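[1] For reference, the sequence and a predicted model appear below.
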Amino acid sequence: MVFAHDTEASLVAAVELVNSAEAPDTLTEIDQLTEFFVKHAYAGVHSRDAAELAAVRAIRAPLRRMLTSDRDTTVRLINETLAQHRALPQLVRHGDVDYHIHAVPLDAALPVRIAVETAMAMIDVIRSDELSRLSRCADDDCDGIVLDLSRNRSRRYCSTACGNRNAVAAYRARNK
């Protein structure tokens with residue numbers, strides 16, 4: 001394991017959320033947001049309304065900047081996010097999850113919790129000098145983000161679809 005469980009979980013969720021903005025947009029309905037909420041085991045309030053969906057969709061671009069900027073810019077964006085939401089890190093435990101860090105209350109709006117949890121996870125990325133674990137998808141037609149948590153840092157594509165598309169293209173090119 002490269003990072004603590006809560007850090008990895010927040011990074012995986014943030015990358016999925018940011019990549020949902022790539023064509024075709026996969027976060028256009030409240031049910032899709034609910035599926036994201038459940039899949040990534042977010043605790044706290046989830047209002048399941050159009051305003052919340054719009055607010056979560058709106059944080060995708062700022063999160064993309066946080067995940068893809070150079071180190072100094074990322075640090076500035078992390079600090080701005082934490083200050084904006086008055087983050088106060090605390091160890092908590094709930095459900096089946098042992099102690100982990102939350103920096104805003106569970107009754108904070110979902111977009112706030114996502115932004116702050118991502119910023120907190122990025123603190124670990126910066127402190128361990130592992131920013132290279134985040135990169136752009138190797139598919140020339142994709143702007144997705146790749147989170148490489150593998151030991152050998154071999155992940156190149158944001159999704160199986162991009163990886164398969166490139167493997168098929170390479171196979172066809174070799175067999176011409």
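    All right, it came through fine. Numbering: from 1, shown residues only.
[2] pLDDT score for Leu131?
    Note for Leu131: predicted pLDDT of 96.
[3] Check whether it really touches Ile123, as I assumed.
    No: judged on C-beta atoms under 8 Å, Leu131 makes no contact with Ile123 at a distance of 11.7 Å. (C-beta placed from N, C-alpha, C; glycine too.)
[4] quick one: average confidence on the helix ranked longest in the chain?
    The residue-count maximum for a helix in the chain (DSSP state H) belongs to helix 110-127. Taken as a whole, helix 110-127 carries a mean pLDDT of 97.
[5] got it, and stretch 135-155?
    On average, stretch 135-155 scores 94.
[6] who's in contact with His100?
    His100 sits next to 4-6, 91-93 when contact means C-beta atoms under 8 Å, 6 or more residues apart in numbering.
[7] Please report which of those has the highest neighbour count.
    Asp6 (18 neighbours; other C-beta atoms under 10 Å).
[8] quick one: which helix or strand includes that one?
    helix 5-19 (DSSP states H and E).
[9] how much distance is there from the helix or strand that that helix is followed by to the middle of the chain?
    Downstream of helix 5-19, the first helix or strand assigned by DSSP H and E is helix 30-39. Remark: helix 30-39 is offset 14 Å from the chain centroid, using C-alpha atoms, centre = their mean, to the nearest Å.
[10] For helix 30-39, which outside residues touch it?
    So helix 30-39 is in contact with 13, 16-17, 20, 26-27, 46, 48-50, 52-53, 56, 110, going by C-beta under 8 Å, 6+ apart.
[11] buried stuff in it?
    If you call a residue buried by 16 or more other C-beta atoms under 10 Å, then helix 30-39 has these buried ones: 33, 36-37.
[12] and the angle from that helix to helix 110-127?
    On the basis of axes from the mean of the first three to the mean of the last three C-alpha atoms, to 10 degrees, helix 30-39 is oriented at 50 degrees to helix 110-127.
[13] Report the rounded mean pLDDT for helix 30-39.
    98.
[14] Centre of the chain to whichever helix or strand comes after it, how far?
    Scanning forward in sequence from helix 30-39 by DSSP H and E, the next helix or strand is helix 50-58. Distance of helix 50-58 from its chain centroid, counting by C-alpha atoms, centre = their mean, is 16 Å.
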